[in-house]
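Undergrad: 3D model of this:
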Amino acid sequence: MIRVAVGGTFEFLHLGHRKVLAYACETAKAGEVVIGITSNRFASLKSHHVADFDVRCQPVLNFVSGFDVSATVVQLNDAFGPALNDCFDYIVVSPETFSIAVELNKKRKERCLPEIEIMCVDYVLAQDGKPISSSRIANGEIDVNGMLN
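TA: Take a look at the predicted model:
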């Protein structure tokens, strides 16, 4: 069974998040997707206020329920979560988090664990041609669909 890891804060569950989650589910091919969502403590390090874990978790679960995968959500208290020690075939990231996946594989190698294949999904661009991001939505620049406010 294919195991895929994906992680993030998943604030506002915007189009970029949906693209990454859909890619993770399609890659799993009826296997397992482990979705790491930042804990409230870890999310408090963001530059803007982030909604409670449960508020962020439910839309993610609702979205992935439309795919033929076994989805599990875990709280992330650090950048790596269970991918640091558990067996995964793939990790799905965005360009923003690609470097974290590279660092993850370095740490796995130090622990004599196999690397996880990194699959990077391109940004979804907003109406203004810049990437959709939770920070931009929180700042009121764009909505969750990337339309200018």
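Undergrad: would you map the helices across the chain?
TA: For the chain, applying DSSP state H gives helices covering 15-28, 40-43, 53-64, 98-110, 134-138.
Undergrad: restrict the fourth one to CA atoms and write it as PDB.
TA: The C-alpha trace of helix 98-110 is given here as PDB (Å, rounded to 0.1, in the frame of the first residue of the first chain):
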ATOM      1  CA  PHE A  98      10.400  22.000  -0.700                       C
ATOM      2  CA  SER A  99      13.500  22.900   1.400                       C
ATOM      3  CA  ILE A 100      11.900  21.300   4.500                       C
ATOM      4  CA  ALA A 101      11.400  18.100   2.600                       C
ATOM      5  CA  VAL A 102      15.100  18.200   1.500                       C
ATOM      6  CA  GLU A 103      16.100  18.700   5.200                       C
ATOM      7  CA  LEU A 104      13.800  15.900   6.200                       C
ATOM      8  CA  ASN A 105      15.600  13.500   3.900                       C
ATOM      9  CA  LYS A 106      19.000  14.600   5.300                       C
ATOM     10  CA  LYS A 107      17.800  13.800   8.800                       C
ATOM     11  CA  ARG A 108      16.300  10.500   7.700                       C
ATOM     12  CA  LYS A 109      19.700   9.500   6.100                       C
ATOM     13  CA  GLU A 110      21.500  10.400   9.300                       C
END
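Undergrad: residues contacting it, please?
TA: The contact list for helix 98-110, computed with Cβ atoms under 8 Å, 6 or more residues apart in numbering, reads Ala79, Phe80, Ala83, Leu84, Ile91, Val93, Pro114, Glu115, Ile116, Ile118, Cys120. In short, each C-beta sits where N, CA and C put it, glycine included.
Undergrad: thinking the third one is in contact with Tyr90, fair?
TA: No: with contact defined as Cβ atoms under 8 Å, Ala83 and Tyr90 do not form a contacting pair (10.2 Å).
Undergrad: Ala126: which of the helices of the chain is closest?
TA: helix 134-138 (7.1 Å; Cβ to Cβ).
Undergrad: which outside residues touch the closest one?
TA: For helix 134-138, the surrounding residues in contact (Cβ under 8 Å, 6+ apart) are 9, 11-12, 14, 46-50, 126, 130, 142-144.
Undergrad: returning to that earlier point: Ala83 and Tyr90: which has the busier surroundings?
TA: Neighbour totals were compared for Ala83 and Tyr90, and Ala83 leads with 26 against 20 (other Cβ atoms under 10 Å).
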